[in-house]
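**Student:** Fold the stuff below for me.
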Amino acid sequence: MAETLTTTRLGLLGDCFIYAAPAIRSNVCRHSVTLACALTDEPLTVAVGAQQWQGRMLAVRPFVERTMSSNGRPAVLIDLEPLHPRYSAFSRPVGAEPVQMLDDQRFAGLTACAQAFALHALTGRQLHAAVQLQVGQLADSLGRHEAPDPRVLQMMAALRLDPGLSLAALGKPVGISATHASRSFVEALGITVRQYALSVKIQRAAGFYGSGRALTDVAQIAGFTDSAHLAKVWRRCYGGSPSLYFGEHRSAADGRVEHAWRQQVRLEPPLRPVVGTSGNQQTSSPAAARSAGADTAG
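**Tutor:** This is a model prediction of the structure:
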């Protein structure tokens, strides 16, 4: 893997993203839960203040200022957005350590998924399904899954439409006060309403990877005050200027940006019988029937 992975690769999966690189070294504070996988026997190193963790698979809680290094070896990061259904499994436990060491042998499927993505062997809907499956199995090992309160889900949906909503405006439709809305949000997700709203804006901006759009346009569409505000938030989350990241992934045509979450699923209608020339019935999809008709029409 060390010899074959020479460029970065980014997969946008809607409620999470996956990033592969020949080496990783960063000092950031992200809103997302980060699952880090080493692709060689060399362990990853994560430092938070004076504490340090080393392992081939690590989970980092959101809004933790940390330094991460893959020690010059290839690695993959899977970042779960607050929108992800299993986000709270990693973000919510009260008093939990900022970094959790995971058993890379037990969850070898996650590493295999990460490696396949890095090598372009896993793409599109298959990539999305594989990541969701492996993350779900990992989250299940941490405890029983509990869906957020329906009122919190409604507030989350409202913020995705308008991240500028006040606590009072969020609480009113679900019949709770601003104080109750704030407390319920933290209990459900482990982050504040303001932090969630910021994550919505960042996710909107990230959706323009590979679009070639100007940063000023991206900032405005995503809900930031201006491009300077976007740059400040982006630098804290990802360790560099957004112009650097958007420039690196300017085009999706080279395969380095995988917009798996935007790909549509094509559903064929049920198969229907087709009478062959011998009089025997065969089954065929409408597409196949159209093709057969085109062949005979000539």
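
**Student:** can I assume residue 20 sits in a strand?
**Tutor:** Yes - under DSSP: H, G, I helix; E, B strand; the rest coil, residue 20 falls within a strand.

**Student:** Quick check: beta-bridge partners of it?
**Tutor:** Beta-bridge partners for residue 20, by DSSP bridges, are residue 9, residue 76.

**Student:** Give me the residue ranges of the protein where confidence is low.
**Tutor:** Residue ranges of the chain with pLDDT under 70: 1-4, 93-95, 210, 244-298.

**Student:** Recalculate using a threshold of 50.
**Tutor:** 1-3, 251-252, 261-298 (pLDDT under 50).

**Student:** pull the longest helix from it.
**Tutor:** Longest helix in the chain, counting residues (DSSP state H): helix 124-140.

**Student:** what's that one packed up against?
**Tutor:** For helix 124-140, the packing partners by 3 or more CB pairs under 8 Å, 6 or more residues apart in numbering; DSSP states H and E come out as strand 16-21, strand 75-80, helix 108-118. Any C-beta I mention is one placed from the backbone N, CA and C, and that applies to glycine too.

**Student:** from the chain's centre, how far out does the last one sit?
**Tutor:** Counting by CA atoms, centre = their mean, to the nearest Å, helix 108-118 is centred 15 Å from the centre of its parent chain.

**Student:** report the angle between the axes of it and strand 75-80?
**Tutor:** When axes from the mean of the first three to the mean of the last three CA atoms, to 10 degrees is applied, the directions of helix 108-118 and strand 75-80 differ by 110 degrees.

**Student:** Could you check the angle helix 108-118 makes with helix 124-140?
**Tutor:** Using the same axes, to 10 degrees, helix 108-118 lies at 150 degrees relative to helix 124-140.

**Student:** CA atoms only for the longest helix of the chain, dumped as PDB, please.
**Tutor:** Below are the C-alpha coordinates for helix 124-140, written out as PDB (Å, rounded to 0.1, in the frame of the first residue of the first chain):
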ATOM      1  CA  GLY A 124     -20.200   4.800  -5.800                       C
ATOM      2  CA  ARG A 125     -23.100   3.200  -4.100                       C
ATOM      3  CA  GLN A 126     -21.000   0.200  -3.100                       C
ATOM      4  CA  LEU A 127     -18.600   2.500  -1.300                       C
ATOM      5  CA  HIS A 128     -21.500   4.200   0.500                       C
ATOM      6  CA  ALA A 129     -23.000   0.900   1.500                       C
ATOM      7  CA  ALA A 130     -19.700  -0.600   2.700                       C
ATOM      8  CA  VAL A 131     -18.800   2.300   4.800                       C
ATOM      9  CA  GLN A 132     -22.300   2.400   6.400                       C
ATOM     10  CA  LEU A 133     -22.200  -1.300   7.200                       C
ATOM     11  CA  GLN A 134     -18.700  -1.200   8.800                       C
ATOM     12  CA  VAL A 135     -19.400   1.900  10.800                       C
ATOM     13  CA  GLY A 136     -22.700   0.400  12.000                       C
ATOM     14  CA  GLN A 137     -21.000  -2.700  13.200                       C
ATOM     15  CA  LEU A 138     -18.400  -0.700  15.000                       C
ATOM     16  CA  ALA A 139     -21.000   1.500  16.700                       C
ATOM     17  CA  ASP A 140     -23.100  -1.500  17.700                       C
END
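
**Student:** Would you mark the buried spots in the very next helix or strand once past it?
**Tutor:** Note on helix 124-140: by DSSP states H and E, the next helix or strand toward the C-terminus is helix 150-161. Within helix 150-161, the residues scored as buried using 16 or more other CB atoms under 10 Å are 151-152, 155-156, 159.

**Student:** Could you export those residues as CSV, including distance to residue 145?
**Tutor:** Shown next, in CSV, are the buried residues of helix 150-161 (distance: CB to CB, whole Å):
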residue, distance to residue 145
151, 19
152, 15
155, 20
156, 17
159, 22
